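Asks: Predicted coordinates and the sequence they were generated for:
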Amino acid sequence: MNYEKIVRRIRQRIFDYDGTPKEDKAGRVLEKAKKRMLKNLVFGDCKKGRYSGLTRKELNRTGTCETDWY
């Protein structure tokens with residue numbers, strides 16, 4: 001399972017855990033998964049558009065193209 005799914009699953013179920021051993025383990029796993037997830041993210045390497053200031057991935061998500069922002 002990738003780390004994003006692990007983080008999402010623990011965050012959804014964190015209040016269901018009873019007792020300290022389960023809470024402690026969930027906290028440790030969540031912290032490790034968040035560290036690895038953030039380590040895998042790339043910041044600042046994506047080329048941004050001249051007019052929109054958005055990356056190609058963000059433009060695809062919004063359904064627009066660079067010239068729409070001009």
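Replies: It's in. Note that the coordinates shown come from a computational prediction; the quantities given were computed from them, not determined experimentally.
Asks: Let me know whether R36 touches Y3 as I believe.
Replies: Yes: counting by CB atoms under 8 Å, R36 touches Y3, with 4.9 Å between them. All C-beta atoms are positioned from the backbone trio N, CA, C, and that covers glycine.
Asks: can you pull the contacts of Y17?
Replies: With contact set as CB atoms under 8 Å, 6 or more residues apart in numbering, Y17 has these partners: E23, A26.
Asks: Recalculate using a threshold of 10 Å.
Replies: The neighbours of Y17, taking CB atoms under 10 Å, 6 or more residues apart in numbering as the test, are I10, E23, D24, K25, A26, G27.
Asks: Go through those residues and say which is closest to W69.
Replies: Set against W69, the nearest of those by CB to CB is I10 (37.7 Å).
Asks: Run a quick neighbour tally on the residue lying closest to the closest one once chain neighbours are set aside.
Replies: In space, not counting the residues next to it along the chain, I10 is nearest to L30; the distance is 4.7 Å by CB to CB, 6 or more residues apart in numbering. Using other CB atoms under 10 Å, L30 has 16 neighbouring residues.
Asks: same thing with A33?
Replies: For A33, using other CB under 10 Å, the count is 20.
Asks: Shouldn't it be within a helix?
Replies: Yes: under DSSP: H, G, I helix; E, B strand; the rest coil, A33 sits within a helix.
Asks: Local confidence estimate at it?
Replies: At A33, the model reports a pLDDT of 84.
Asks: Kindly report the same for the one 4 residues further on.
Replies: At M37 the predicted local distance difference test score is 78.
Asks: Equivalent analysis for Y3, please.
Replies: In this model, Y3 carries a pLDDT of 78.
Asks: Would you check how far apart it and M37 are?
Replies: Distance from Y3 to M37, counting by CB to CB, to the nearest Å: 4 Å.
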